[in-house]
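In: Fold the following, please.
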Amino acid sequence: TTWLYANMVNLDGYGNYDSTITFPSSGVTYRKIYMIFTLGKHMCPGYNPAYPGTGPGGTGWCGDWDYTVLNYLVTPEGQSYELGRFITPYANALNPRTLWSATQTYVYDVTDYAPLLHDSAKVRIFFSGYSGGFTGKIRFAFIEGAPDREVTGIQRLWNGSFGYGGTPDINVHFPIVNETAPPNTKSARLKFIVTGHGSDANGCCEFMPHSYHVIFNGSTIANQLIWRDDCGSNELYPQSGTWVFQRSNWCPGAIVHDNYHNLPGVTAGTNFNLQLQFDPYSGGGSYTTEATLFYYGSMKKILDASIDQVIAPNMDDNFFRENPICGSPIIH
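Out: This is a model prediction of the structure:
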């Protein structure tokens, strides 16, 4: 395993935090590639715990709020690809799980981005917070070996944060795209990351479920609810805010789950079109989106089995609720 360290920064306000690193050369193959983001805390300059808000001596709730964090790879040509997303926790420093010394890790399988993870490139943290108090550290683990299948092509499609329920209709940002599968392709799938934010009288979009639909060659092949119903089971608990409430595909302090949609019958040279459609709605709020199209070669294994995670016993903070135990182990 080759370890690479990228960003090690204080997230002191809204914006991009870039680090240029040199990835391994393209001549080595990797069975798995992981990106590990370690979230920490730091006391903001001038912060006075006696006045944690915006009152006398305060600095705007240092390290307290649920902010969206998007992590990108930026190629030398300037193209960006979102590798993973999470939302910071409600992290008041008086809470036992979110002390100033506390950390939380978020692990992303980024093996599909292998064709881009070589030579020199930027790793970007986009932090949407309007107050500081968090820190970010990114490292990569490159595990040598043969991947399950080669990636024959990667195409970034629709992306951005768009208003929902107003004018213009959000669907104008997800028009039909026409694609041709590259040589050696045997299959393809769409990866879509989406989180809802803001709140109107109905709680849209943060606290109100809606769906999007994947349209392939004019036919709907997937209907996906944009929702997380397990925030109360958050591994990072207890927190200091409304962390137990269900939300629009995210929970405070948790990783954002990617949605994958297989595209039927796509092989080398296949011409097809693709489109996304959100449910009609009249109101307010927004969705933050990122769509990536992956093309794959032949599967290299007929039968494959593995233990991916030892959930318990484990000291990993992502399995806090399941530990400690003295009985039967839990594996995945």
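In: in the protein, which spans are helices?
Out: For the chain, none of the segments meets the definition of helices by DSSP state H.
In: Thr22 contacts Val123, doesn't it?
Out: No - with contacts counted by C-beta atoms under 8 Å, Thr22 stays clear of Val123, the gap being 11.2 Å. The C-beta positions use only the backbone N, C-alpha and C, and glycine is treated the same way.
In: okay, those two: which has more neighbours?
Out: Neighbours were counted for Thr22 and for Val123 using other C-beta atoms under 10 Å; Val123 has more, 24 against 10.
In: how about the nearest residue to the more buried one once chain neighbours are set aside, what does it touch?
Out: Using C-beta to C-beta, 6 or more residues apart in numbering and skipping residues adjacent in sequence, the residue nearest Val123 is Ala6, 4.0 Å away. Residues touching Ala6, when contacts are defined by C-beta atoms under 8 Å, 6 or more residues apart in numbering, comprise 19, 21, 123, 138-140.
In: Next up, the contacts around the residue lying closest to Ala141 once chain neighbours are set aside.
Out: Counting by C-beta to C-beta, 6+ apart, Ala141 lies nearest to Tyr34, which is 4.5 Å off, once chain neighbours are set aside. Shown in contact with Tyr34 (C-beta under 8 Å, 6+ apart): 107-110, 140-141, 143.
In: which residues does Tyr34 bridge with?
Out: Using DSSP bridges, the bridge partners assigned to Tyr34 are Asp109, Ala141.
In: measure the residue nearest to Asn314 when sequence neighbours are not counted to Gln277 for me?
Out: Once flanking residues are discounted, Asn314 sits nearest to Asn323: 5.8 Å by C-beta to C-beta, 6+ apart. In this view, Asn323 and Gln277 are 43 Å apart by C-beta to C-beta, to the nearest Å.
In: Would you agree Leu190 is in contact with Ile215?
Out: No - using C-beta under 8 Å, Leu190 is not in contact with Ile215, being 10.9 Å away.
In: the more surrounded of the two?
Out: Neighbours per residue, other C-beta under 10 Å: of Leu190 and Ile215, the larger number sits with Leu190, 21 against 16.
In: Which pLDDT value belongs to the more buried one?
Out: The score at Leu190 is 98. That number is its pLDDT.
In: show me the contacts for it.
Out: For Leu190, the contact set (C-beta under 8 Å, 6+ apart) comprises 157, 214, 260-261, 263, 274, 291-294.
In: Go through these and say which is closest to Gly327.
Out: Ranked by distance to Gly327 (C-beta to C-beta), these are led by Tyr260 at 34.1 Å.
In: residues near that closest one, how many?
Out: Tyr260 sits with 12 neighbouring residues when counted by other C-beta under 10 Å.
In: Please look at it and Ile193 and confirm they touch.
Out: No - taking contact to mean C-beta under 8 Å, the distance of 10.4 Å between Tyr260 and Ile193 leaves them out of contact.
In: give me the low-pLDDT residue ranges for the stretch 101-250 of the chain?
Out: When residues are selected by pLDDT under 70, none of them lie in the stretch 101-250 of the chain.
In: That one: strands as residue ranges?
Out: With DSSP state E, counting those that start in this stretch applied, the stretch 101-250 of the chain shows strands at 104-109, 119-127, 134-144, 149-163, 177-180, 187-197, 210-216, 219-226, listed in chain order.
In: Of these, which stretch is the most buried?
Out: When you average the neighbours per residue for each of the strands of the stretch 101-250 of the chain (mean count of other C-beta atoms under 10 Å), strand 187-197 leads with a mean of 21.
In: burial of the residue nearest to Asn314, as a residue count?
Out: Every residue meeting other C-beta under 10 Å relative to Asn323 is counted, giving 14.
In: Tell me who's in contact with it.
Out: 312-315.
In: go on, Arg247?
Out: Arg247 sits in contact with 196, 206-207, 227-228, 231, where contact means C-beta under 8 Å, 6+ apart.
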